[in-house]
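[1] below is the structure, and that's it, no one-letter string:
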DNA sequence: CCCGTGGGTGTTATCGCTAACACTAACTCC
DNA sequence: GGAGTTAGTGTTAGCGATAACACCCACGGG
């Protein structure tokens, strides 16, 4: 039935041993030239309705699927974007990834991921190089680290790279949530409740988000002219929050704590519970992120909500702009929101 | 410096307006034919050491990067695998994804993801088709749903697809954690503590994991000849666990609950705390998954640990086998482990 | 001394697609 | 009525890589 004027025998077999049909095969079945088929598929150039119908029928009959490699070769466009993601189950990065994927898919792009187990200048550079070998058209780096920022300082000017939440100084567009503002809101909320000061459990030093939250907290305390307690440092994990809580429990004058994220706040709550410290009666606690579970902690956690889906969407927007020749120094800021729950409730 | 015997002017510009160098460009600089360059890059065929050195120097000088589309066109291999992932922050699927990505990267494959917001027969089929248009060499479906299984029933025999945790009946290799066994362990653990029976908060009906956990729970109760309470159904979220807890709190004779996952267990703990029910003193509670936070719940949660990274790794292995012509009916089972904590501790 | 045998290299033919242009027929316009 | 247009289609020439084969040369063996 199908004549194959040009394509040879069953070369380049799939598992089943049959060649995928090509444009030429479809053209043969439809009785037109391969160009007409191409025009039908891409909607370029005019085609008579009945011809189009014949072509579509032939496509259907053969189960034709365009060869993306051939198309990419001639157009120079792969329709693929790369995402460098931190290999973690942290709520933020994972959600951001989905936001990006959604926006990209709507715009007709596919997403290839390259994960990085521990962030570092060279590992991120490796991941970027890895993606460039995949011929992605642009890259999004979700790695809000100081080191990530440094890795991006060397970002080539002729290739579109954008960063999420990091690399302030890097010559790439950056989108981030206003961490300082979020920390300020949480801290002010606690101060407004009448506490003398607010303790802080910070995230890892090499995370920009951790730095910014700490900065926002510190600034707020200073602006209010209250003493700044020593910073306790965690690593985002509940475990580290728990350890911080154990050490804080010995502290007298403790009445308000702002944890760098919700997981650490959870560990903190646990440690306080074990030490017989009641939240919010003895100490008030706030977190950051608003993970879906935060409303069900014991007690429900006051926290700062970040709209990660929005972050993902805007990240894609920034990359699209950059690919279109946009500014390397574009910045976008998403404003977080304070969610008040029982952990800072009335006593 | 570089002569371009064949390649024309600066066509197909990148953002900066310069053509990417091609094999021919490298060949020109190194003073050899493009085939020699190809041989150096791929290690096919013999090349004199000094020639190789010249070629490598030229590659370095031009910043040459092989064109993957051209290579894919001629070899018929794209070196890319597709993953259909559920768009959720559920701990399991996200971790599995990283396990897959790691194993795939080690084997030289890139991963393209296509996310699905709500699982369903057609949405999964769409995602699969979407990936096939990207010319992936194989597809992994992480969507442990009944509907996913049905979507895969139509999986073509000539294209490698594997499923994670779903589609028992589908003609594709499946890897899953032994949910029934995990549920049995948790239930038996609770029964062994002397409870008359164990209540269960199940996950959504269309999740195979939910079904299997429920089945394992029910079987165990029956084997021990104890009464089977009515099943309360949740949707994996803490909120649904909380609601289940509110309704359970009214129940008398309540002394042990096995929640279908850790998030629901968290909601349950919250509802019990509000109702003045003490865990484990009044009621003992177990969960499933062992999310990193489970050890810091109030109280720390007894749960069933699944090794998702291992699942990811073995999933890739199964796909690799299938791409190599392996069996469509391969199965792999990962055994979960019971982690005992205070929520089922001594009273 | 000639032939076979590799090492080392080049030439040519695709892969499946789109860009660019050529061509025909019908139709508009003055 | 001849010169543009425009719709509709075909032909040809690449894109940048690998496959297949051709070729030359240095060797070793009969």
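    It's in. Everything quoted here is computed from the prediction, not taken from an experiment. Residues are numbered from 1 along each chain as shown, chains lettered A, B, ... in the order given.
[2] can you give me the buried ones in stretch A:37-51?
    Within stretch A:37-51, the residues scored as buried using 16 or more other CB atoms under 10 Å in any protein chain shown are A:37, A:38, A:39, A:40, A:41, A:47, A:51. C-beta here means a position set from N, CA and C on the backbone, and glycine is covered the same way.
[3] wait, the fifth one sits on residue A:67?
    No. At 11.4 Å, residue A:41 and residue A:67 do not qualify as touching, with contact defined as CB atoms under 8 Å.
[4] skipping its backbone neighbours, what lies nearest residue A:69 in space?
    By the measure of CB to CB, 6 or more residues apart in numbering or on different chains, the closest residue to residue A:69 outside its immediate chain neighbours is residue B:72, 3.6 Å from it.
[5] let me redo that: residue A:164
    Excluding the flanking residues, the one nearest residue A:164 by CB to CB, 6+ apart is residue A:142, at 4.5 Å.
[6] would you mind confirming that the one you found is in contact with residue A:165?
    Yes. Taking contacts as CB under 8 Å, residue A:142 lies within contact range of residue A:165: 7.4 Å.
[7] can you count the residues close to the residue of the stretch 151-300 of chain A found nearest DNA strand C?
    Residue of the stretch 151-300 of chain A nearest DNA strand C, by CB to the nearest atom of the strand: residue A:160 (20.4 Å). A total of 27 residues lie near residue A:160 under the criterion other CB atoms under 10 Å in any protein chain shown.
[8] phi, psi for it please.
    Residue A:160 adopts backbone torsions of phi -80, psi 120, taken as degrees, to the nearest 10.
[9] repeat that for residue A:332.
    Dihedral angles for residue A:332 - degrees, to the nearest 10 - are phi -140, psi 140.
[10] can you count the residues close to it?
    17.
[11] for stretch A:182-202, buried residues please.
    Using 16+ other CB under 10 Å as the burial criterion, the residues of stretch A:182-202 that qualify are A:182-191, A:193, A:195, A:197-202.
[12] what about that stretch, start to end distance?
    14 Å (CA to CA, to the nearest Å).
[13] run the chain-centre distance for that stretch.
    Averaging C-alpha positions (CA atoms, centre = their mean, to the nearest Å) puts stretch A:182-202 28 Å from its chain's average.
[14] what of stretch A:81-91?
    6 Å.
[15] next: stretch A:292-308.
    In this view, stretch A:292-308 has its centroid 19 Å away from the chain centroid, taken as CA atoms, centre = their mean.
[16] now that stretch: mean pLDDT?
    Stretch A:292-308 carries an average pLDDT of 96.
[17] apart from its neighbours in sequence, what residue is nearest residue A:302?
    residue A:344 (4.0 Å).
[18] mind listing what that neighbour touches?
    A:189, A:190, A:193, A:256, A:280, A:284, A:285, A:286, A:302 (CB atoms under 8 Å, 6 or more residues apart in numbering or on different chains).
[19] check residue A:137 too.
    Contacts of residue A:137 (CB under 8 Å, 6+ apart): A:77, A:78, A:79, A:80, A:81, A:109, A:160, A:323.
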